[in-house]
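Novice: got a predicted model here, sequence first, then my questions.
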Amino acid sequence: MTTPAIEVSDLTKRYDNLAALEGASFTVPRGSICGFVGPNGAGKTTTIRMLLGLIAPTSGVGTVLGHPITEPEKYLSRVGAMIEGPAFYPALTGSENLRVLATLGGFPQERVDELISLVGLKGRGGDKYKTYSLGMKQRLGIAAALLPEPDLLILDEPTNGLDPEGIQEVRDLLKKLTAGGTTVFVSSHLLSEIEIISEYIVMLRKGEVVFAGAIEELLLNQKPQLIVSTINPDDLQKVIDIAAAAGHVATVRGGLAHIEGPHEYGATLNKLAFEAGITLSQLTPTLPNLEETFFEMTGA
Amino acid sequence: MVRVFFAEWRKLRRPTLFFGTFVAALFFNGLITSFIYLMIDSPQGNADRGRTVGREVLGLAGGSVNGFASIGGLLGIIVLCVFAAQSAQEYTYGTLRNLLVREPRRLILLAGKYAAMKVFALLLAVVNLVVSVGISYYLSDRAKVSTELWFTSDGWSAIAHTLLNVYISMVFFAIIGISLGLFLRSPISSISIALVWLLIIENLIGAVKPVTLDWMPGSQLQTIAQGGSELISYSHALILGSSFVFFALIASSLLFTKRDVAN
């Protein structure tokens, strides 16, 4: 049986009394794209740093590509990573920055030119890093992560600063890499992006894993909802009260009422609202998407 | 470690750093070496602290490297600043995490950095030696200094010994610089603390109580470069200086291997 790309159990990191990560356990299967999401300060970067051997766990165990995270030298030659955005030497050119890392990792220098082209920096590789835009820096960071032709690619916010075309390119690139057998573990704030590209998801809240598994499984377990708006905004609370009186959980988010309940309840709600003199301007049955599920599960 | 060395060398050879350091060092070298010959008859003296280095001293076998030995301490301070900045910048730029992902064996990474530093220091020392001896030879006629003994076997031996002493001193200064960079993780703090200590605090304490200079780290490393001084013997400076550097090396290596890389 193939070992998972990443497997952690009870992983904990504490700084004095502050728990940055508390008893995290999850598995990332090989060859998949796994989204890693959570509010700011949830422990995503801490987890990534532990997987890369940059910080030591306080307790718990983990393996990457079958090797314990306490022995990063055994697996990092097959791992590409971009942590907390790109970080390079401003006075060196983009190519020269990659050559430093290629030399250090023992990768062929020809790979640098290939990657510069692959990430869309052809013609700019000879420019100093300090002259790059945020999007170009991000592209160089992705190129650096791809240097080892990795079995596992760990990316922290890879689409930060990229334009829509760049985001699409990264999305295509990640899909192409997974088709070739690479596992991608990607943290992002763009939940819609994660929902599109990922099969698996690990969700953190305040240092704890609140869900780890297939996205499909997560979304199927969510309750159906009715999204409601009223002609008169003041009536929205009355709709909430009507739904609550019938035992449905209802909240207002973004000027819309989100009411948990089967889609059939829509007809009843519409009738009750009409009888109460409320005119609905929207009544949409929906299943929560990842973003809504995220807000619900993380309380963000 | 070879891969780390070449990766480090790619960073060190960038023109602004490489030529900037060499030009700065050569400028001070030219200035100080020239002063020794051009002010040989000056009543204010031609060496540090108003001392006079006379024709009889400059005419000895080791006369050709008198200027070079005088700037040894300064070369040390230059490499200290360069390597304090280099090591601390890995933290401020966040590039250390990239390096550690590609070479997670931290002691190997550190050893490669030290190896690159030693080659850089050696090049800087050799170029400055050649330029200093060249200037000394050029100005010797004008200053009426005999060069008869400079290129005898004793003369070459003095050149080799001085090069070695200056080189040891530079490497020691650079190790202190790298250690400070690793401890403080800020180029400005590392360099300013080093300069304030070496140029102000040690001199102030030394001026009030000269005997303390026997135990000051900067004083020992400068004395090594000069091959000993009237106040401190070479062997004392070498033993005490090595002890300071050894302590810095062990402490910074332990810190580097154990500390979380969180920026």
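Specialist: Structure received.

Novice: going along the chain, name the helices of chain A.
Specialist: A:44-51, A:94-105, A:110-118, A:134-146, A:164-179, A:191-197, A:215-220, A:236-245, A:265-275, A:290-298 (DSSP state H).

Novice: shaky segments in the chain?
Specialist: Going with chain A. Scanning chain A for pLDDT under 70 picks out the ranges A:1, A:288, A:296-300.

Novice: that was the other one, I meant chain B.
Specialist: B:263.

Novice: chain A contacts on that one?
Specialist: Contact residues (C-beta under 8 Å from any C-beta of the partner chain) of chain B with chain A: B:3-4, B:6-7, B:10-11, B:14, B:16-17, B:89, B:93-95, B:97-105, B:260-262. All C-beta spots, glycine's among them, are computed from the backbone N, C-alpha and C.

Novice: now the closest residue to chain A within the stretch 51-200 of chain B: closest residue in space that isn't a chain neighbour?
Specialist: Scanning the stretch 51-200 of chain B for the residue nearest chain A gives B:Gly94, at 3.4 Å (criterion: C-beta to the nearest C-beta). Once flanking residues are discounted, B:Gly94 sits nearest to A:Ala87: 3.4 Å by C-beta to C-beta, 6 or more residues apart in numbering or on different chains.

Novice: thought A:Pro285 was touching A:Leu226?
Specialist: Yes: here A:Pro285 reaches A:Leu226: they are 5.7 Å apart, a contact under C-beta atoms under 8 Å.

Novice: count the residues that sit near the closest residue in space to A:Glu195 that isn't next to it in sequence.
Specialist: Spatial nearest neighbour of A:Glu195, excluding adjacent residues (C-beta to C-beta, 6+ apart): A:Leu290 at 4.0 Å. Around A:Leu290 there are 22 other residues, counting by other C-beta atoms under 10 Å in any protein chain shown.

Novice: list the contacts of A:Leu290.
Specialist: A:37, A:191-192, A:194-195, A:201, A:215, A:218-219 (C-beta atoms under 8 Å, 6 or more residues apart in numbering or on different chains).

Novice: swap in A:Arg124?
Specialist: Neighbouring residues of A:Arg124 by C-beta under 8 Å, 6+ apart: A:94, A:116, A:132, A:136.

Novice: contact partners for the last one?
Specialist: Under the criterion of C-beta under 8 Å, 6+ apart, the contact partners of A:Met136 comprise A:94, A:121, A:124.

Novice: filter the residues of chain B next to chain A down to the buried ones, PyMOL style.
Specialist: Command for PyMOL that selects the buried part of these, burial taken from 16 or more other C-beta atoms under 10 Å in any protein chain shown:
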select buried, chain B and resi 3+4+6+7+10+11+14+17+89+93+94+95+97+98+99+100+101+102+103+104+105+261
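
Novice: that's a helix at B:Pro104, yeah?
Specialist: No: going by DSSP: H, G, I helix; E, B strand; the rest coil, the assignment for B:Pro104 is coil, not a helix.

Novice: contacts only, for the nearest residue to it once chain neighbours are set aside.
Specialist: In this structure, B:Pro104 finds its nearest non-sequential neighbour in A:Pro72, 4.1 Å apart by C-beta to C-beta, 6+ apart. If a contact means C-beta under 8 Å, 6+ apart, then A:Pro72 has A:52-53, A:64, B:104 as its contacts.

Novice: repeat that for A:Ala143.
Specialist: Residues near A:Ala143 by C-beta under 8 Å, 6+ apart: A:98, A:115-116, A:118-119, A:121.

Novice: what about the residues you listed, which one has the most neighbours?
Specialist: Within the contacts of A:Ala143, most neighbours by other C-beta under 10 Å means A:Leu98, with 26 neighbours.

Novice: returning to what we had before: which two in the contacts of A:Arg124 are spaced the farthest apart?
Specialist: Using C-beta to C-beta, the two most remote members of the contacts of A:Arg124 are A:Ile116 and A:Tyr132, lying 12.1 Å apart.

Novice: buried sites along stretch B:61-81?
Specialist: For stretch B:61-81, a neighbour-count test (16+ other C-beta under 10 Å) marks B:61-81 as buried.

Novice: between the two ends of that stretch, how far is it?
Specialist: One end of stretch B:61-81 sits 33 Å from the other (C-alpha to C-alpha, to the nearest Å).

Novice: for it, the distance to its chain's centre please.
Specialist: 7 Å (C-alpha atoms, centre = their mean, to the nearest Å).

Novice: give the contact list for the residue positioned nearest the centre of chain B.
Specialist: Among the residues of chain B, the one closest to the centroid is B:Gly76, at 1.6 Å (C-alpha atoms, centre = their mean). B:Gly76 sits next to B:166, B:169-170, B:172-174, B:221-222, B:225 when contact means C-beta under 8 Å, 6+ apart.

Novice: put the buried members of those residues into a ChimeraX selection.
Specialist: The ChimeraX selection below is limited to those of the contacts of B:Gly76 classed as buried (16+ other C-beta under 10 Å):
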select /B:166,169,170,172,173,174,221,222,225
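
Novice: still on that earlier bit, from the contacts of A:Ala143, pick the one nearest A:Ile278.
Specialist: Taking C-beta to C-beta as the measure, A:Ile278 lies nearest A:Val119 of the contacts of A:Ala143, at 53.5 Å.

Novice: that closest one against A:Ala145, yeah?
Specialist: No: here A:Val119 lies out of contact with A:Ala145, judged by C-beta under 8 Å, at a distance of 9.9 Å.

Novice: for the stretch 1-150 of chain B, what spans make up the helices?
Specialist: With helices called from DSSP state H, counting those that start in this stretch, the stretch 1-150 of chain B shows them at B:2-12, B:15-38, B:55-58, B:66-70, B:72-92, B:95-102, B:106-140.

Novice: and the last one, what does it pack onto?
Specialist: When you say that, I think you mean helix B:106-140. Packing contacts for helix B:106-140, counted by 3 or more C-beta pairs under 8 Å, 6 or more residues apart in numbering or on different chains; DSSP states H and E, involve helix B:2-12, helix B:15-38, helix B:66-70, helix B:72-92, helix B:95-102, helix B:153-184, helix B:234-258.

Novice: from the middle of its chain, how far away would the fourth one be?
Specialist: What separates the centre of helix B:72-92 from the centre of its chain is 10 Å, taken as C-alpha atoms, centre = their mean.

Novice: same deal with the second one?
Specialist: If you compare the mean C-alpha spot of helix B:15-38 with that of the full chain, they lie 13 Å apart, counting by C-alpha atoms, centre = their mean.

Novice: repeat that for stretch A:14-28.
Specialist: Distance, stretch centre to chain centre, for stretch A:14-28: 18 Å (C-alpha atoms, centre = their mean).

Novice: with stretch B:84-96 instead?
Specialist: 21 Å.

Novice: measure the residue nearest to B:Gly94 to B:Tyr93 for me?
Specialist: Relative to B:Tyr93, A:Ala87 is positioned 6 Å away (C-beta to C-beta, to the nearest Å).

Novice: how about A:Thr268?
Specialist: 61 Å.

Novice: and A:Gln222, by the same measure?
Specialist: Distance from A:Gln222 to B:Tyr93, by C-beta to C-beta: 43 Å.

Novice: thinking again about what came up before, contacts only, for the closest residue to the residue nearest to the centre of chain B other than its chain neighbours.
Specialist: Leaving aside its sequence neighbours, B:Gly76 sits nearest to B:Phe173 (C-beta to C-beta, 6+ apart; 3.4 Å). By C-beta under 8 Å, 6+ apart, B:Phe173 lies in contact with B:76-77, B:79-80, B:221.

Novice: sounds good, over and out.
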